[in-house]
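Undergrad: okay, sequence plus prediction incoming.
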Amino acid sequence: MSSSPRVTESSVRTRTMASLQRNLSRTQTAQDQISSGKQLHRPSDSPTGTVTALQLRGEVRANKKYSANADDALGRLGTVQDTLQSASSLVAKVRDLTLAAASAGGGSTPEANNARAAEIEQIRGTLIQFANTKYLDRPVFGGATPEATAYGATGTYAGEEEGKVLRAIGPNAKVRVDVRGPEVFGAETVDDENGNPVKNPEQLFNVLDSLVTAMRDGDSDSITEGLANLDKASGLLNSTLSDVGARYNRVTQMKQSAEDRLMSVSSQLSDIEDVDLPKAIMELQLQQTSYQAALAATAKVIQPSLIDFLR
């Protein structure tokens, strides 16, 4: 014969208070979610959700960094690109002047050639200024040099000969954001047949110097030779401009990819962490109603008190 467990006032009171406490705890949880807008406040709220959220947060930080690096790369490459386009226009102007000086007839008089030489000297000075163009107070044609300039007033390269400035713009994706001066304007010296360094006749600033001298001397052969060297220097400049444009396009694509990935990951993170506000409000109202009903039921279940016995 089984016996029923003995129910006392104390046990009823304990169980009733425990039920009220659980109900109040659920009400507080719903209130916290609405106040913070988050459904995860501690790992115990959802261990698997917490792990996933931490992984997604890592991806968010990485893609934000990729996007910031891409912005810096676009700034640097954009500066290089604009400078090279301006330099290319000036070189084209020098070519027109050289063609006029090399042509037979009244247009190649000593006076006209002296005027052309003076203009080419001014263009050369402008090109040296272009060669010292800065981005964030660093010369873009100086490589990784800490110096303020990449070229001296005479057109001598003063930047770094080795090393590259790279930016990480994606997972396992880095792009070079600098262009050293010799890669654009040509090396200052080359080796002769005996392996000895000699002045490079195809270096842009050397070409301009030789053209100025040839025009003032009236040396038509040197002018013709200088025109051929100028075309080679112009070809190197335009080739570098094309390469920079390709890098710029790649960075633009990778930046868009990073932003798209950031939006996708942020959406996934929001699904895990953020609370469904209408649902949370309904849950809070439900718990509040349930709590009030529980209080009313408790008042009827636990009625006897000292006051009741004294009545």
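TA: Right, received. Where do you want to start? Numbering: from 1, shown residues only.

Undergrad: give the buried residues for stretch 116-124.
TA: Buried residues in stretch 116-124, counted by 16 or more other Cβ atoms under 10 Å: 116-117, 120, 123-124. In this view, the C-beta of every residue, glycine as well, is placed from N, C-alpha and C.

Undergrad: average pLDDT for that stretch?
TA: Averaged over stretch 116-124, pLDDT sits at 94.

Undergrad: dump that stretch to PDB, keeping only the CA atoms.
TA: Coordinates of each C-alpha in stretch 116-124 appear next as PDB, following Å, rounded to 0.1, in the frame of the first residue of the first chain:
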ATOM      1  CA  ARG A 116      62.000  75.600 -77.000                       C
ATOM      2  CA  ALA A 117      65.000  74.600 -74.800                       C
ATOM      3  CA  ALA A 118      63.900  77.100 -72.200                       C
ATOM      4  CA  GLU A 119      60.400  75.700 -72.200                       C
ATOM      5  CA  ILE A 120      61.700  72.100 -71.900                       C
ATOM      6  CA  GLU A 121      63.800  73.200 -68.900                       C
ATOM      7  CA  GLN A 122      60.700  74.400 -67.200                       C
ATOM      8  CA  ILE A 123      58.900  71.200 -68.000                       C
ATOM      9  CA  ARG A 124      61.800  69.200 -66.600                       C
END
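
Undergrad: in the stretch 101-250 of the chain, which spans are strands?
TA: Counting by DSSP state E, counting those that start in this stretch, the stretch 101-250 of the chain has strands at residues 134-135, 138-139, 166-170, 173-176, 189-191, 197-199.

Undergrad: closest to Met17 out of these?
TA: strand 166-170 (58.2 Å; Cβ to Cβ).

Undergrad: give me the pLDDT value at Asp274.
TA: Value for Asp274, per-residue pLDDT: 61.

Undergrad: quick check: phi and psi on Val179?
TA: When quoted as degrees, to the nearest 10, the phi and psi of Val179 stand at phi -140, psi 120.

Undergrad: dump the residue contacts of it.
TA: Val179 makes contact with 80, 140-141, 240, 244, according to Cβ atoms under 8 Å, 6 or more residues apart in numbering.

Undergrad: repeat that for Pro139.
TA: Contacts of Pro139 were listed using Cβ under 8 Å, 6+ apart, and they are 132-133, 145, 147-150, 159.

Undergrad: leaving out chain neighbours, which residue sits closest to it?
TA: Leaving aside its sequence neighbours, Pro139 sits nearest to Ala150 (Cβ to Cβ, 6 or more residues apart in numbering; 4.0 Å).

Undergrad: with Ser290 instead?
TA: Going by Cβ to Cβ, 6+ apart, Ser290 has Asn23 as its nearest residue, at 5.8 Å.

Undergrad: in what helix or strand does the one you found lie?
TA: Secondary structure from DSSP states H and E places Asn23 in helix 9-36.

Undergrad: so where's the stretch 51-200 of the chain shaky on pLDDT?
TA: 104-107 (pLDDT under 70).

Undergrad: show me where it has helices.
TA: Under the criterion DSSP state H, counting those that start in this stretch, the stretch 51-200 of the chain contains helices at 110-131, 181-185.

Undergrad: so for Gln55, which of those helices sits nearest?
TA: Closest of these to Gln55 is helix 181-185, at 41.5 Å (criterion: Cβ to Cβ).

Undergrad: in that closest one, which residues are buried?
TA: 181-185.

Undergrad: name the nearest of those relative to Pro171.
TA: Nearest member of the buried residues of helix 181-185 to Pro171, counting by Cβ to Cβ, is Glu183, at 28.1 Å.

Undergrad: surely the closest one and Thr240 touch.
TA: Yes - Glu183 lies in contact with Thr240 (Cβ atoms under 8 Å); the separation is 6.0 Å.

Undergrad: number of nearby residues for Thr252?
TA: Neighbours of Thr252 under the rule other Cβ atoms under 10 Å: 15.

Undergrad: how far off strand 166-170 does whichever strand or helix holds it point, in degrees?
TA: Secondary structure assignment for Thr252, by DSSP H and E: helix 220-273. Orientation of helix 220-273 against strand 166-170 (axes from the mean of the first three to the mean of the last three Cα atoms, to 10 degrees) gives an angle of 40 degrees.

Undergrad: which secondary structure elements does helix 220-273 contact?
TA: Where contact means 3 or more Cβ pairs under 8 Å, 6 or more residues apart in numbering; DSSP states H and E, helix 220-273 is packed against helix 47-102, strand 166-170, strand 173-176, helix 181-185, helix 204-217.
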